[in-house]
Structure formats: structure tokens, C-alpha cells
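*Asks:* Predicted model follows, preceded by the sequence.
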There are 2 protein chains.
Amino acid sequence: MSIGIAQQLGPSEGLGPIGLHVRKIIEERIVTNVFRPGERLSENDLAELLGVSRQPIREALIRLTEAGLVRVMPQRATIVTRISVARVNSARFLRAAVERAVVREAALQAKPHHIAQMRALIREQTTAIREGDHARFLALDDDLHRAFAVSMAHEGVWRTLQNVKLQMDRVRYLSLPDATPASRLIRQHAAIVDAIAARDPDAAEAMMQKHLEELLSSLPRLVARLPEYFDSSDVA
Amino acid sequence: MSIGIAQQLGPSEGLGPIGLHVRKIIEERIVTNVFRPGERLSENDLAELLGVSRQPIREALIRLTEAGLVRVMPQRATIVTRISVARVNSARFLRAAVERAVVREAALQAKPHHIAQMRALIREQTTAIREGDHARFLALDDDLHRAFAVSMAHEGVWRTLQNVKLQMDRVRYLSLPDATPASRLIRQHAAIVDAIAARDPDAAEAMMQKHLEELLSSLPRLVARLPEYFDSSDVA
DNA sequence: ATGGTCAATCTAGCCGACTAGTATGGGAGA
DNA sequence: TCTCCCATACTAGTCGGCTAGATTGACCAT
């Protein structure tokens, strides 16, 4: 563990099972590249770092294994998975297929108040960018995509996509320096909502596809620039 | 625990971590309705039943929680989730969106040897039905759907769908008595593969949609017949 | 008979210790 | 110098026990 900051969990912090809290902490550190691809995550070290026993740590690591952020090699080590280009592309394929279907259905079913809320979220995103608050921008991104699913009465679909999205989020975070400008992403969001409001499923679907493709546009450059973060075994 | 059969895990059975083995056992019993919706799954009882300590049991239950087959109420109980009609429909929506996109792409990319393998799997299904081997039929079903994903070079997509599919499988198992006849499902499979072989993405997509819709055709009857297995809180 | 309280008994959460399995590094032998 | 072997020091897996929290039901006061 190369992180020196010992962020202890305060007493009774979280109010739920510690394991869930630990999972969120580790997940966030992996997505934001604090724990780097390939890095070893010793259960003992994590336990000491967070001030709990190994049990909640193990629980968190099991959940992260299911999400594909971590890989356990029994009796040997637990490591942060390297980013697999094949896996990221599969994640994009899956997410694109689902979100296309979502906005298509949203174009048919969304009620006016749903559309109003989508527009409100886009306005908030504009504000967040003007204030340079990137974290808030990304959170609102989530909210908007969830709003699409809610507007067609299948919020569960969005929830299921979360683990898939994680794979893309890792890339997205690394891309931050040379990513698609936020203003462009906001225009795409607006175009999708406009298509939904206009009851135009084809346009909504097409815009969503384009939007999701652009999110990973810098992936090839990343692989070239940071090869040690990527899984060299995949055929790409 | 109302199950009297004490199926102990043999020594060194499984060869991997016991927790993974336990997960498979419990998962199968839930899907096949041995552990019924709403039933309490006490960690202590499961540990005694399977002849291991509570630790591997907990590990398995955590994984099953992620899959949505189990719900943990801290300090109170762990129960088999009741089947949520809303959740099953969301699962179908998601799976249909993805598998439509998969066969569409397969129609463009599948190589001859992929198509040959799909046809072989369908023949095996025919054999399995003739011999009355339903379990084998369902396993081959999985293999075929995986083959679709493999033929477009995104096996990862299929793997991600597994947990989603579990929600549908529970319904499917309960439907067995009055489900769509297997011969009809096989004809649909054949039609999908024919469309892929004919490089006709639209036809493949349409057939897949119809196929997935039929799998749950008996859901309304099930809810009426076995209301205690279903989550009454969802709006349906 | 009814309402409220508290002890007994459950649960899952959490912990410390031990085990089995794996890498590693140093030393003996060639 | 090189190779092999083994002691050592790790790892995650597993276990039994304890704890905090929740339910239950008997008992008591009214």
C-alpha cells in the first residue's frame, strides 16, 4: 500500500454495515486512480488503513470482485484489475444497447414532468461547469441517465447498469485532461431530451449512441500513454 | 430451514474457495424453488446443513445479494427475495435490448464456424428434448445464447447478463408445467440462426425479441396461482 | 381483560487466531 | 558461478467466539 494517508473510519460513521462503507471507499479510490491498476490490495493493510478487522474488508473485496474492479488470487494476493480494452468495449456495447432502448421507450412514454426534470438537470450541469465543479458535473450525468430510465418506469434497468458503468468510468476519469469538452456533452444531452420531448425515438436513439461513443474517444490515446494501466493480454 | 436433507460438502470438494461452491448450491436451490421466495435462510442453519463455518456462507450470501436473489436484514434475518414482477420485467427489457443488439451484430460478423456451432447446439437441444432431459435443454439454451455473444467477439457481454438472467430463470422454472413447448423454442432458435446465416440483422433482431417475450408468457398466470411467491409491493 | 415492560433468545456483524497454500531469498552443493 | 532445496515470510481462506441490535413472549400492573 503506497498511500500514506490513514483515513480511519470515524466511530459509527456510515450507520450501515461497515462492509458497504468500505466498498464505496475502495471503489471510489479505484475509479479515481488512487488505487492504480495492478496495485496489490492486501487485506491486512486495508484493514489497518481503515481501522477495521479483515472481515468487512473481505466483504467489500467480494463485492468489488463481482463488479470486476478487483481480482483475488487465492493464497497469493488481491490486485486492482488492469483495465481491459476488450472489457471496456463490451461494457460500452452493452450499455449502448440498453440506453438506446431506454431513450427510445422514453420518447414514447415520458411524461411532461419527467422531461422538465431532465431539462433542469441539464441546466444544473451547465452551472456546475461554469463553476468548474467537475465532480458535480459527473454526478449530474448519472442523475440524468437515471432520469431516462425512470421516465419509462424501469429504474431497475439503470441500477443494473451501475457495475457496467464502472468499467467505463475508470477510463473516463483517466481521460479527464483531454476528454470531450463538457459543453459538447451537454449539447448532446440536450439533443437527446429534445428528441424525447419531440416524441422522436429514432433521433433519441441515434443521439444516445453518438453520445456514448464519444465518452471513450480518448481510449486509444490512453493505452498508448499509460500502457502499464492496461491489460496487455487482451486482443484489442 | 425446512429442508431435511443434510447435503454435506465432501472433503476437498469443489477445489476452489468453499464460498464459491456454496454460492452455486444456494443459487441453484433458489432458482429451482427448493429455497422458496420469502423463506428465511439462517446463516447458522446453512452452515450446519453444509458442514462449514458461517464465513463461507456469509460470502455466498453477499454474492447472492448482489445478484438480487437474497436480501439481508441486518441483525434480523436473511430471506430469499420474493419475485418482483417489476424487476423481472426490467430484467427482460434489459436482456432483450442487449440480445437484440448481439444477434444484429452477429448477423454482420459471425464466421461460418460460429454458425455451424450454433446449429450443432440446436441439434443437441432437439436430442435432449427427445430424451426428456430438461436440465440439459436449459443448459444448452445458455450455451447457445453465449455462442451468439462469442460470435461477435464480446463474450463479456454474455457474462454480464448472467445475474440479470437469474431473475428470469426463477420465473421460467416455476413456469415449467405450462411453459411454451420446447419444440417451439427450438424453432425460434433455428429461425434466429437462419437469420444470422442469411446476414439479415433485422430478422434476427425481431426473432430474438419475440423469443424473449415468450419465455415469460406465463408470468401473469403464475402471479395469480402462487401469489405468496411474489412481491406484493410492486406496482406491476 | 388489557397495556406495557423487560428478560430471554434469536439474528447478522464483527473480531482475533489459526491454517493451507504460495512466493522468496539465502545457503549448500556441484 | 550456477542450480537446487528448504526455511521463512508472506497471502487469502477458514474457523469459533463474542457483540450489538431486534424480536418474542411471559409477566406484572392496571
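*Replies:* Cool, the structure landed. Numbers count the residues shown, from 1 in each chain, chains lettered A, B, ... in the order given.
*Asks:* Kindly report the residues of chain A close to DNA strand D.
*Replies:* Applying C-beta under 7 Å from any atom of the strand, we find that chain A lies next to DNA strand D at A:40-45, A:54-55, A:58, A:72-78. Placement of C-beta: from N, CA and C, glycine included.
*Asks:* doesn't A:Lys199 fall inside a strand?
*Replies:* That one is not Lys; residue A:199 is Arg. No: going by DSSP: H, G, I helix; E, B strand; the rest coil, the assignment for A:Arg199 is coil, not a strand.
*Asks:* Dihedrals phi and psi, it?
*Replies:* When read as degrees, to the nearest 10, the backbone of A:Arg199 gives phi 60, psi 40.
*Asks:* for A:Ile192, what are its contacts?
*Replies:* Residues near A:Ile192 by C-beta atoms under 8 Å, 6 or more residues apart in numbering or on different chains: A:103, A:148, A:204, A:207-208, A:211.
*Asks:* So which residues of chain A form strands?
*Replies:* A:70-73, A:77-80 (DSSP state E).
*Asks:* Would you convert those into TSV that also reports distance to A:Leu138?
*Replies:* Putting those into TSV (distance: least, C-beta to C-beta, whole Å) gives the following:
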stretch	distance to A:Leu138
strand A:70-73	22
strand A:77-80	20
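*Asks:* Looking at the residues of chain A next to DNA strand D, which one is closest to B:Glu131?
*Replies:* A:Pro74 (38.5 Å; C-beta to C-beta).
*Asks:* Could you report the neighbour count for that closest one?
*Replies:* Other residues lying near A:Pro74 total 8 when counted by other C-beta atoms under 10 Å in any protein chain shown.
*Asks:* Got the confidence number for the closest residue to it other than its chain neighbours?
*Replies:* What sits nearest to A:Pro74 in space, not counting adjacent residues and going by C-beta to C-beta, 6 or more residues apart in numbering or on different chains, is B:Pro17, at 6.2 Å. At B:Pro17, the pLDDT value in this model is 80.
*Asks:* Where does pLDDT dip in chain A?
*Replies:* Along chain A, segments meeting pLDDT under 70 span A:1-15, A:234-236.
*Asks:* and DNA strand C, which of the residues of chain A next to DNA strand D contact it?
*Replies:* By C-beta under 7 Å from any atom of the strand, the members of these lying near DNA strand C are A:54-55, A:74-76.
*Asks:* so which pair among the residues you listed is furthest apart in space?
*Replies:* Applying C-beta to C-beta across those, the maximum distance is between A:Gln55 and A:Arg76, 20.1 Å.
*Asks:* more neighbours, the two?
*Replies:* A:Gln55 (14 against 8).
*Asks:* follow-up on the earlier one: may I ask which of the contacts of A:Ile192 has the most neighbours?
*Replies:* Most neighbours among the contacts of A:Ile192, by other C-beta under 10 Å: A:Ala204, with 29 neighbours.
*Asks:* how about that residue, what does it touch?
*Replies:* Residues near A:Ala204 by C-beta under 8 Å, 6+ apart: A:103-104, A:106-107, A:192, A:195-196.
*Asks:* hang on, the earlier thing: and which of the ones next to DNA strand C among the residues of chain A next to DNA strand D is nearest A:Ala120?
*Replies:* A:Gln55 (42.7 Å).
*Asks:* Skipping adjacent residues, who's closest to the closest one in space?
*Replies:* Per C-beta to C-beta, 6+ apart, closest to A:Gln55 is A:Gly19, 7.6 Å.
*Asks:* Could you double-check that that neighbour sits in contact with A:Leu61?
*Replies:* No: using C-beta atoms under 8 Å, A:Gly19 makes no contact with A:Leu61, being 9.5 Å away.
*Asks:* what does the domain assignment say about chain A?
*Replies:* Following automatic domain parsing, one gets these domains for chain A: A:18-80, A:85-225.
*Asks:* right, and the ones you listed - which one's nearest B:Val34?
*Replies:* Comparing these by C-beta to C-beta, domain A:18-80 comes nearest, at 23.5 Å.
*Asks:* Could you report the distance from A:Lys210 to A:Ala106?
*Replies:* 17 Å (C-beta to C-beta, to the nearest Å).
*Asks:* In chain A, where's the longest helix?
*Replies:* With secondary structure taken from DSSP state H, chain A has its longest helix at helix A:85-109.
*Asks:* Check whether it comes near chain B.
*Replies:* Yes: counting by C-beta under 8 Å from any C-beta of the partner chain, chain B is contacted by helix A:85-109 at A:86-87, A:89-91, A:93-94, A:96-98, A:100-102, A:105.
*Asks:* I appreciate the help and will end here.
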